[in-house]
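**Q** Build me a structure from this.
(2 chains)
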2 protein chains.
Amino acid sequence: MTNFKLTIEYDGTAYHGWQRQKNDRTVQEEIEKALMTMTGKKVTLTGSGRTDAGVHALGQVANFHCNTKLTPDVFQKGLNSLTDRDIVIRECTQADETFHARYDAKSKTYNYKILNRLIPAAVSRQYVWFIRKKLNISAMRSAILHIIGTHDFKAFEGAGSPRSHTTRCILNANLVEQDDGYLLFEIEANGFLKFMVRNIVGTLADVGHDKITPDDFKDILLSKDRDQAGPTAPPQGLFLMNVRY
Amino acid sequence: MTNFKLTIEYDGTAYHGWQRQKNDRTVQEEIEKALMTMTGKKVTLTGSGRTDAGVHALGQVANFHCNTKLTPDVFQKGLNSLTDRDIVIRECTQADETFHARYDAKSKTYNYKILNRLIPAAVSRQYVWFIRKKLNISAMRSAILHIIGTHDFKAFEGAGSPRSHTTRCILNANLVEQDDGYLLFEIEANGFLKFMVRNIVGTLADVGHDKITPDDFKDILLSKDRDQAGPTAPPQGLFLMNVRY
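**A** Sure thing, here's the model as predicted:
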């Protein structure tokens, strides 16, 4: 059995997230269907982790085992022609037999894009959270310092996800100001809980709106209580950028 | 009668272009419908020019006359709430009584975005022409030099457009290499013929593919014969960037 590693870009707008579901269209299912067409076999794809409905990826990673004479190059071309244009296999390589896209992931990086100005955008509006009211960026940056390092992120976890514990290590997090009112929140961690980035961003927006202080943000983290945190930021601003192994 | 000037951004994906049509949804019609809702009157919007079906704009300009007590600020907010999110009024100001969005335009700038690499993009694929085969950029740049200045652009004109003559002056044109295989063709002229940018880009792509030389490109321009030119580049890479008055 050959172990194939895929690096996948997708526009999540039309999908109910990564993971296969009974009744909804998902990225995993679309690629597995294409693998079935190419190989005639039922192939199971292991992703580095789930992404929520409407969330995008530039560098999701997945692997699958298959007894086949098809080469990585043939898989890449075939999958790109069989899937819709909103899914692109950026790379397909032969991986070590033991490589596991989820277990072997050392860290993941997500970006969250905010547009903060008076007038929204028409072009690329599907890739950004538009916030009209001017955000207090220096307060948001002070708050971000509190999440760097190893913490229990239970306060920022969405309900109903299976996990053994809620402690994660944030390796890097910062907020970059770009042209025309765009803000980029970058966050790298050894792992993420369900809705964790979007709940952090939603709570950071509360800081940016001066509804809570950076110290309040720290207290929310320490409280381990989801009810203390802010709203879940909408999915369309979120991008899984890459997975490090 | 007050004369209002609008600066408009739109994602052209869902529209049959700018200009009002009998059976198709257009940007002009959507804004005129919203103006009717706001004022109770039939208001005619004059655009700086048409854009084709599927073409985008970051800075289309239009004006309308209306006997109203509504302020520019109220029009901007009202139109932005009444139109879909793929149309955004970026500015609304009171213009000189004689201002005419089409007749007074001194120049317009269009951008055309190409993605030239082996693997297409999933994210933002609706804003780019994907070309897999490596383009000869220096040959394309040599060809571009031939269109700068005043020329008869009949060879690059689409059929069926009303115009008194086909001579236009290209003030500026160049091809910029960006990150990740993106190429940006920028062109500013005192006016454009129907399909002119897309026909130029399609013919430049023939140069980039070494199907024709920069000198052939010049001969096509001089021939004034549409049949000599290359294919019309697809609409989704084209953006009307701004109109200068």
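**Q** list the buried ones in stretch A:219-237?
**A** Under the neighbour-count criterion of 16 or more other Cβ atoms under 10 Å in any protein chain shown, stretch A:219-237 has A:Ile220, A:Leu221, A:Gln228, A:Ala229, A:Gly230, A:Thr232, A:Ala233, A:Pro234, A:Pro235, A:Gln236, A:Gly237 buried. No exception for glycine: its C-beta is placed from N, CA and C like everyone else's.
**Q** And for A:Thr93, the neighbour number?
**A** By other Cβ atoms under 10 Å in any protein chain shown, the residues close to A:Thr93 number 15.
**Q** That one and A:Ala105, how far apart?
**A** Distance of A:Thr93 to A:Ala105, computed by Cβ to Cβ, to the nearest Å: 16 Å.
**Q** what's the answer for A:Ile119, then?
**A** Where A:Ala105 is concerned, A:Ile119 sits at a distance of 39 Å (Cβ to Cβ).
**Q** Where does the residue located most distally from the centre of chain A sit: helix, strand or coil?
**A** In chain A, the residue that sits farthest from the middle, by Cα atoms, centre = their mean, is A:Lys69; the gap is 32.7 Å. Recorded secondary structure, A:Lys69: coil (DSSP: H, G, I helix; E, B strand; the rest coil).
**Q** how near is it to A:Ala62?
**A** 21 Å.
**Q** Also A:Thr7?
**A** Counting by Cβ to Cβ - A:Thr7 and A:Ala62 are separated by 8 Å.
**Q** can you list the residues of chain A near chain B?
**A** With Cβ under 8 Å from any Cβ of the partner chain as the criterion, chain A meets chain B at residues A:9-11, A:56, A:58, A:80, A:85-90, A:119-125, A:127, A:239.
**Q** do that again at 10 Å, thanks
**A** Contact residues, chain A versus chain B (Cβ under 10 Å from any Cβ of the partner chain): A:7-13, A:27, A:56-58, A:76, A:80, A:83-91, A:118-127, A:130, A:239.
**Q** Mind checking which of the residues you listed are in strands?
**A** A:7-10, A:56-58, A:87-91, A:130, A:239 (DSSP state E).
**Q** Restricted to buried residues, select those residues in PyMOL.
**A** Applied in PyMOL, the following selects the buried portion of those according to 16+ other Cβ under 10 Å:
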select buried, chain A and resi 7+8+9+10+56+57+58+87+88+89+90+130+239
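**Q** Show me which pair in the ones in strands among the residues of chain A next to chain B is furthest apart.
**A** Within these, A:Glu91 and A:Phe130 form the most distant pair, 32.5 Å apart (Cβ to Cβ).
**Q** Backbone dihedrals for A:Glu177, please?
**A** phi -90, psi 130 (degrees, to the nearest 10).
**Q** same check, this time on A:His209
**A** Torsion angles, degrees, to the nearest 10, at A:His209: phi -90, psi 10.
**Q** so who does it touch?
**A** A:Ile131, A:Lys133, A:Lys134, A:Leu135, A:Asn136, A:Ala139, A:Met140, A:Gly230 (Cβ atoms under 10 Å, 6 or more residues apart in numbering or on different chains).
**Q** Distance-wise, check it relative to chain B.
**A** 21 Å (Cβ to the nearest Cβ, to the nearest Å).
**Q** just to revisit the earlier point, quick check: the residue farthest from the centre of chain A touching A:Met38?
**A** No - between A:Lys69 and A:Met38 there is no contact under Cβ atoms under 10 Å: 11.5 Å.
**Q** quick one, strands of chain A?
**A** Under DSSP E, chain A gives strands at A:2-10, A:46-47, A:56-66, A:87-95, A:107-116, A:129-131, A:149-152, A:167-177, A:182-189, A:238-244.
**Q** can you list those in JSON lines and add distance to B:His100 and mean pLDDT?
**A** Shown next, in JSON lines, are these (distance: least, Cβ to Cβ, whole Å; pLDDT from 0 to 100):
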{"stretch": "strand A:2-10", "distance to B:His100": "45", "mean pLDDT": "98"}
{"stretch": "strand A:46-47", "distance to B:His100": "56", "mean pLDDT": "97"}
{"stretch": "strand A:56-66", "distance to B:His100": "42", "mean pLDDT": "98"}
{"stretch": "strand A:87-95", "distance to B:His100": "45", "mean pLDDT": "98"}
{"stretch": "strand A:107-116", "distance to B:His100": "33", "mean pLDDT": "98"}
{"stretch": "strand A:129-131", "distance to B:His100": "33", "mean pLDDT": "98"}
{"stretch": "strand A:149-152", "distance to B:His100": "61", "mean pLDDT": "97"}
{"stretch": "strand A:167-177", "distance to B:His100": "39", "mean pLDDT": "97"}
{"stretch": "strand A:182-189", "distance to B:His100": "34", "mean pLDDT": "98"}
{"stretch": "strand A:238-244", "distance to B:His100": "43", "mean pLDDT": "98"}
